[in-house]
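> With the sequence up front, the predicted model follows.
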Amino acid sequence: MAEPALFQPAVKLAHEVVSWVNEISARRSVLQSRLGDKPLSIRVSRLVWQAEPYAMSMVDCVFRAGGETAVLSLPRLLVETLISTVQQGLTLPSDPTCSLVLELALAPWIVGLENVLASNVQLIRIEDATAKGPYLELDVAIGALAGKARLFLFAPLDGLIPSAFRLLGELIGQLPREQGKISSELPVVIAREIGSLRAPVMLLRQAQPGDALLPDVIPFAHSQLILTADKLWAPAQAADDKLVLRGPFRLQPHPLRYVDMTIRSQTEQAILPSEADIDSVEITLVFECGRLPIPLGTLRSINEGYVFELGRPLDGPVDIVANGQLIGRGDIVRIGEALGIRLRSRLAVNG
């Protein structure tokens, strides 16, 4: 039986080329300029690996820089608009006149490229669009006219990057990257934390329904809570059926979470832990009175004094969370002068 043919990818890329295409295809701020009396804007749109059908009539503009060539496909209407910056009302002539006039229209840009590339840049011909292969799609606007251009990549892509393209990549890389836009309505979950307890695994395994856990820290005893959104937290004060924010969300060390770390010698580190060692590992339990979603835009703007509607009694069931996972539930009870959490069931750490 013949061996199956080896898979051959449609595109092979050198490692150096991968870094280069990832850099030039990143969304960046719009490049603003002028050609004659018309404003010009260019922005990188995307990198296309399999050519898509043209949405409008296009022409290939073939440039030579030193001994290298590059093909820029432009909408015919954009080329006519560029030519009109040289002579108003001039229609698209045939080549070589078209190349000469368009090169004249692009003279300020070509001179700038020549300075960057340290070589002569020449538009050698214009022809109907036939170029194939991967390309960088550009959003181009001249005055009120907008369209999409295609800057075709060099070939082959599994070799060295031509110097002209390398320098062009450096030029594009000078534009600031465009930050991804996230909707201000994106929900962010805020946990309402009332206290915490650090206890060994053995104790948590032995805990039974009805047992009470006495938190190490419980600001709720003074009607205070900690509101937590991932790494951010803010203090809040309980007031009837509402929570009043007592400060902005911050990145400072969380008051209900701490890690007791000691540095062991290499000899101690080499000894494998026993079952007893594992049972002595301490876990931080965080006690929560529910969670609520708020829009990202609200989280960015709220400050001290902001009021949250609770939507549930604060003395209702308490969620017991370890390392972000719900492991049990309980009820708030008074134990002498302190507050504790009475377990409704065994904790999920029980083996």
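In hand now; what should we look at?
> and the closest residue to Arg334 other than its chain neighbours, how many residues sit next to it?
Of all residues not flanking Arg334 in the chain, Gly340 sits nearest, at 7.6 Å (CB to CB, 6 or more residues apart in numbering). In short, each C-beta sits where N, CA and C put it, glycine included. Counted with other CB atoms under 10 Å, residues neighbouring Gly340 total 21.
> thinking Gly340 is in contact with Ala212, fair?
Yes: using CB atoms under 8 Å, Gly340 is in contact with Ala212, at 4.2 Å.
> which neighbours do the two share?
Common neighbours of Gly340 and Ala212, counting by CB atoms under 8 Å, 6 or more residues apart in numbering, are Val333.
> Give me the number of neighbouring residues for Glu185.
Using other CB under 10 Å, Glu185 is surrounded by 9 other residues.
> can you check Glu337 too?
Residues near Glu337, counting by other CB under 10 Å: 6.
> Which pLDDT value goes with it?
Per-residue confidence (pLDDT) for Glu337: 87.
> The one 4 residues further on too?
With respect to pLDDT, Ile341 scores 93.
> which residues touch it?
Gly195, Ala212, Leu213, Pro215, Phe287, Val318, Ile320, Gly330, Asp331, Ile332, Val333.
> so what strands line up beside the helix or strand containing the residue nearest to Arg334?
In the assignment (DSSP states H and E), Gly340 maps to strand 338-343. When pairing is defined by DSSP bridges, strand 338-343 lines up against strand 212-213 (antiparallel), strand 325-335 (antiparallel).
> Check the ones you listed for me and report the most buried one.
Mean neighbours per residue, mean count of other CB atoms under 10 Å, is largest over the strands paired with strand 338-343 for strand 212-213, with a mean of 20.
> what's the following helix or strand after that one?
Sequence-wise, the next helix or strand downstream of strand 212-213 (DSSP H and E) is strand 224-229.
> Show me how far that next one is from its chain's centre.
26 Å (CA atoms, centre = their mean, to the nearest Å).
> Helix or strand next in line after that strand, which one?
Downstream of strand 224-229 (by DSSP H and E), the next one is strand 232-239.
> Mind giving me the packing neighbours of that next one?
strand 224-229, strand 242-245 (3 or more CB pairs under 8 Å, 6 or more residues apart in numbering; DSSP states H and E).
> Tell me which of those lies nearest to Leu104.
Leu104 lies closest to strand 224-229 among the helices and strands packed on strand 232-239, at 57.9 Å (CB to CB).
> which other helices and strands contact the closest one?
Against strand 224-229 (3+ CB pairs under 8 Å, 6+ apart) you get strand 187-200, strand 232-239, strand 242-245.
> low-scoring stretches of the stretch 1-150 of the chain, by residue?
For the stretch 1-150 of the chain, the stretches flagged by pLDDT under 70 are 1-11, 89.
> Okay, helices next: where are they in it?
With helices called from DSSP state H, counting those that start in this stretch, the stretch 1-150 of the chain shows them at 15-24, 76-84, 97-105, 107-117.
> Pipe these into TSV and attach mean neighbour count and distance to Ala146 per row.
Shown next, in TSV, are the helices of the stretch 1-150 of the chain (neighbours: other CB atoms under 10 Å; distance: least, CB to CB, whole Å):
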stretch	mean neighbour count	distance to Ala146
helix 15-24	15	21
helix 76-84	19	9
helix 97-105	19	17
helix 107-117	14	18
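> that older thread, by how many degrees do the strand holding Gly340 and strand 187-200 diverge?
100 degrees (axes from the mean of the first three to the mean of the last three CA atoms, to 10 degrees).
> What is the distance between strand 338-343 and the centre of its chain?
Chain-centre distance of strand 338-343: 42 Å, with CA atoms, centre = their mean.
> Only alpha carbons, please: show that strand as CSV.
Taking C-alpha atoms only, strand 338-343 is exported to CSV below (Å, rounded to 0.1, in the frame of the first residue of the first chain):
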residue,chain,number,x,y,z
ALA,A,338,-17.5,37.6,66.4
LEU,A,339,-19.2,36.6,63.2
GLY,A,340,-18.7,33.1,61.6
ILE,A,341,-19.9,31.1,58.6
ARG,A,342,-21.9,27.9,59.4
LEU,A,343,-21.6,25.3,56.7
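> Name the residues that touch stretch 310-325?
Looking at what lies outside stretch 310-325 - CB under 8 Å, 6+ apart - the contacts are 191, 194, 213, 220, 225, 238, 241-243, 283-290, 292, 326-332, 341, 343-344, 347-349.
> Stretch 222-240 too?
Identification of contacts with stretch 222-240 by CB under 8 Å, 6+ apart yields 188-194, 219-220, 243-252, 254-256, 289, 299, 308, 314.
> what do you get for stretch 104-121?
Under the criterion CB under 8 Å, 6+ apart, residues 33, 35-36, 63-66, 82-83, 85-86, 103, 123, 163-164, 167-168, 171 lie in contact with stretch 104-121.
> Tell me which of the strands paired with strand 338-343 sits nearest to Phe152.
Per CB to CB, nearest to Phe152 of those: strand 325-335, 51.2 Å.
> Alpha carbons only: can I get that closest one in CSV?
Extracted C-alpha coordinates of strand 325-335, given in CSV (Å, rounded to 0.1, in the frame of the first residue of the first chain):
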residue,chain,number,x,y,z
GLN,A,325,-13.9,28.1,42.5
LEU,A,326,-17.1,27.7,44.5
ILE,A,327,-16.5,24.9,47.0
GLY,A,328,-19.5,25.4,49.4
ARG,A,329,-22.1,27.6,51.0
GLY,A,330,-23.0,28.7,54.5
ASP,A,331,-24.9,31.2,56.6
ILE,A,332,-23.7,34.1,58.7
VAL,A,333,-23.9,33.3,62.4
ARG,A,334,-22.7,35.1,65.6
ILE,A,335,-20.2,33.2,67.7
